[in-house]
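A.B. asks: give me a model of this one.
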Amino acid sequence: QVQLAESGGGLVQPGGSLRLTCRASGFSLDHFHVGWFRQAPGSEREAVSCTGYNDGYTYYADSVKGRFTISRDNAANTVYLHMNSLKPEDTGVYYCGDALGQPQCVPSHYGDWGQGTQVTVSS
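C.D. replies: This next block holds a predicted model:
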C-alpha cells in the first residue's frame, strides 16, 4: 500500500522546537518532490516547505524562513521538517505529500497525503 505517514507533532511552548517526520511505505521517495503543508482550523491547507527530488529545489514560506529546515534521507525513505523558534501561529495539522513533474510548492500539486500530525504552540 502506497502511503505517507507523519509523526513528531505535539504541544510546545513558544520558542520551542519540534522535528516532524514523513515516512513513505510501499514506494521509494527517491524520485519524488516532497512537501510539508499545514492546516489551521477554518483555514485552507497552506505550503510550509518543499524539497525537490534531487535537492535542486527548496521552498520555504516567508513565515517560516530562518526557523524551519527541510531535509531528506533517501536511504531511510524519510523527509524531516525541523522547526525552531515556534510561534503560536505555527499551530495546525501538518501534512506531507509527494509530487512528480515540475517542482512547485502548492497543495494541489501533491498527493498521497498522510493522516497529519498536530502541532500546538501555546504557553
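
A.B. asks: which residues touch stretch 35-43?
C.D. replies: With contact meaning Cβ atoms under 8 Å, 6 or more residues apart in numbering, stretch 35-43 is reached by 20, 22, 45-51, 59, 70, 79, 81, 90-99, 105, 107, 110, 116, 119. Quick note: C-beta positions are derived from backbone N, CA and C, even for glycine.

A.B. asks: buried ones among those residues?
C.D. replies: 20, 22, 45, 47-51, 59, 70, 79, 81, 90-99, 105, 107, 110, 116, 119 (16 or more other Cβ atoms under 10 Å).

A.B. asks: all strands for this structure, in order.
C.D. replies: Taking DSSP state E as the criterion, the chain carries its strands at 3-7, 10-12, 18-25, 33-39, 46-51, 58-60, 68-73, 78-83, 92-99, 117-121.

A.B. asks: distance check, the residue nearest the centre of the chain against Ser123.
C.D. replies: Closest to where the C-alpha atoms of the chain average out (Cα atoms, centre = their mean) is Trp36, at 2.2 Å. Note on Trp36: its distance to Ser123, by Cβ to Cβ, to the nearest Å, is 24 Å.
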